[in-house]
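[1] Output the structure for:
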Amino acid sequence: MNHFLDIHKTDAAALRGIIDHAGAMKQARLGRPKGTPDDEQPLAGQMVALIFEKPSTRTRVSFDVGVRQMGGQTMVLSGNDMQLGHGETIADTARVLSRYVDLIMIRTFDESVLVEMAEYADVPVINGLTDRTHPCQIMADILTYEEHRGPIKGKKVVWTGDGNNVCASFLHAAAQFGFDLTFTGPSQLDPEDEFVGLARKAGCKVVIERDPVKAVTGADLVVADTWVSMHDSQSSKERRHNMLRPYQVNDALMAHAKDDALFMHCLPAHREEEVTSSVMDGPQSVIFDEAENRLHAQKAIMRWCLGV
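    Next up, the predicted model:
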């Protein structure tokens, strides 16, 4: 069963195949109206369940559109529709859904929900995001970097701010794709030791650097993410802003990266907080290519999961 749960749990050769396939499918769609189906219809007759315990824009739209372009159908279910783990167990939900659908994508809070869903489902399960990781986003980011600058292997990626779930998946990707990662942010928000250790064990150079200027110097790619979650209290938001303000990505900071360095942000962004509008809208930013590539990367992931 080809579950796509985390980047470090997927074979490096399979990951490379997914990226290459995503790029090929994107090229095949050039010039076609957005609403038209792909020439290939590998998901014809297949039903995909899209489960959202967490709200979503890009994940929901990109998966839904991707399934439809490939000839399949979607069933979108919210946390309120299902109440996962409340009343019916996650294991039983997985068993039942497996009788109805061909593929499950779940966007949830607790990683254990994803793991249990995959353990008991008889169909492939895709991690659309958990509090610990966000692998689909990073597959889109790798695709975006490589279509602009070529192979990411051996490059220096700098993550600024909070060592969150997206940062965790970047560390997983460093191990599988062979690039180096520097984290710059306050010590209270460092990425998990487990993920740092995994990348270092794979031979990647992982650096924790408190000085953002030193961190970004010589970077090929600079990445930021939002400083606050929609679930944070006002007092928590203020504390995090105070901690993270020195790590804002602005023109002065980007000037220390390589001249051809790219800037990425998985969106939604809080302009003038973690990143300035001048960087987001500037020539080094590829944030909207990155957002589009969620569609293409996830289509390739679904095809890999289903073997079609």
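[2] For stretch 2-16, which outside residues touch it?
    Identification of contacts with stretch 2-16 by C-beta atoms under 8 Å, 6 or more residues apart in numbering yields 114-115, 118, 124-127, 133, 135-136, 138-139, 169, 172-173, 175-177, 198, 301, 304-307. Every residue, glycine included, has its C-beta placed from N, CA and C.
[3] Tell me which of these fall in helices.
    Among the contacts of stretch 2-16, DSSP state H puts 114-115, 118, 135-136, 138-139, 169, 172-173, 175-177, 198, 301, 304-306 in helices.
[4] Narrow those residues to those that are buried.
    Buried subset of the ones in helices among the contacts of stretch 2-16 (neighbour count, 16 or more other C-beta atoms under 10 Å): 114-115, 118, 135-136, 138-139, 169, 172-173, 175-177, 198, 301, 304-306.
[5] ok, for Asn164, nearest residue in space, not its chain neighbours?
    What sits nearest to Asn164 in space, not counting adjacent residues and going by C-beta to C-beta, 6 or more residues apart in numbering, is Asp225, at 6.2 Å.
[6] My read is that the one you found contacts Gly163, right?
    No - using C-beta atoms under 8 Å, Asp225 makes no contact with Gly163, being 9.8 Å away.
[7] which residue packs closest to Lys26, ignoring adjacent ones?
    Spatial nearest neighbour of Lys26, excluding adjacent residues (C-beta to C-beta, 6+ apart): His296 at 4.3 Å.
[8] list the helices and strands the host helix or strand of the one you found packs on?
    Assessed by DSSP states H and E, His296 sits inside helix 287-306. Under the contact definition 3 or more C-beta pairs under 8 Å, 6 or more residues apart in numbering; DSSP states H and E, helix 287-306 sits against helix 12-28, helix 58-69, strand 103-107, strand 125-129, helix 135-149, strand 262-265.
[9] tell me the angle the fifth one makes with strand 103-107.
    For helix 135-149 against strand 103-107, the angle between stretch directions is 90 degrees (axes from the mean of the first three to the mean of the last three C-alpha atoms, to 10 degrees).
[10] Where does the prediction get shaky in the stretch 1-150 of the chain?
    Scanning the stretch 1-150 of the chain with the threshold set as pLDDT under 70 gives 85.
[11] Can you point out the buried residues in stretch 54-64?
    Under the neighbour-count criterion of 16+ other C-beta under 10 Å, stretch 54-64 has 54, 56, 58-60, 62-64 buried.
[12] right, and Pro212 touches Ala255 too?
    No - counting by C-beta under 8 Å, Pro212 does not reach Ala255; the two are 12.0 Å apart.
[13] if you count what's nearby, which of those two comes out ahead?
    Neighbour count, other C-beta atoms under 10 Å: between Pro212 and Ala255, Pro212 has more, with 22 against 12.
[14] Name the nearest residue to the more buried one, ignoring sequence neighbours.
    Leaving out its chain neighbours, the residue that sits closest to Pro212 by C-beta to C-beta, 6+ apart is Thr184, at 4.7 Å.
[15] Now for that neighbour: which residues touch it?
    Thr184 touches 158-161, 208-212, 214-216, 247, counting by C-beta under 8 Å, 6+ apart.
[16] what's across from it in the sheet?
    Taking DSSP bridges as the rule, Thr184 bridges to Thr160.
[17] Quick check on the residue lying farthest from the centre of the chain: phi, psi?
    The outermost residue of the chain relative to its centre, with distances by C-alpha atoms, centre = their mean, is Gly87 at 30.6 Å. Note on Gly87: backbone dihedrals following degrees, to the nearest 10 are phi 100, psi -80.
[18] on that earlier part again, and of the buried residues of stretch 54-64, the nearest to Gln188?
    If you rank those by distance to Gln188 using C-beta to C-beta, Lys54 comes first, at 23.4 Å.
[19] what about that closest one, distance to Lys155?
    Distance of Lys54 to Lys155, computed by C-beta to C-beta, to the nearest Å: 31 Å.
[20] Kindly report the same for Asp6.
    Distance, Asp6 to Lys155, by C-beta to C-beta: 21 Å.
[21] What count of nearby residues applies to Val65?
    With other C-beta under 10 Å as criterion, Val65 counts 17.
[22] hang on, it packs against His296?
    No - shown here, Val65 and His296 do not form a contact pair, counting by C-beta under 8 Å, at 10.6 Å.
[23] Fine, thanks again, bye for now.
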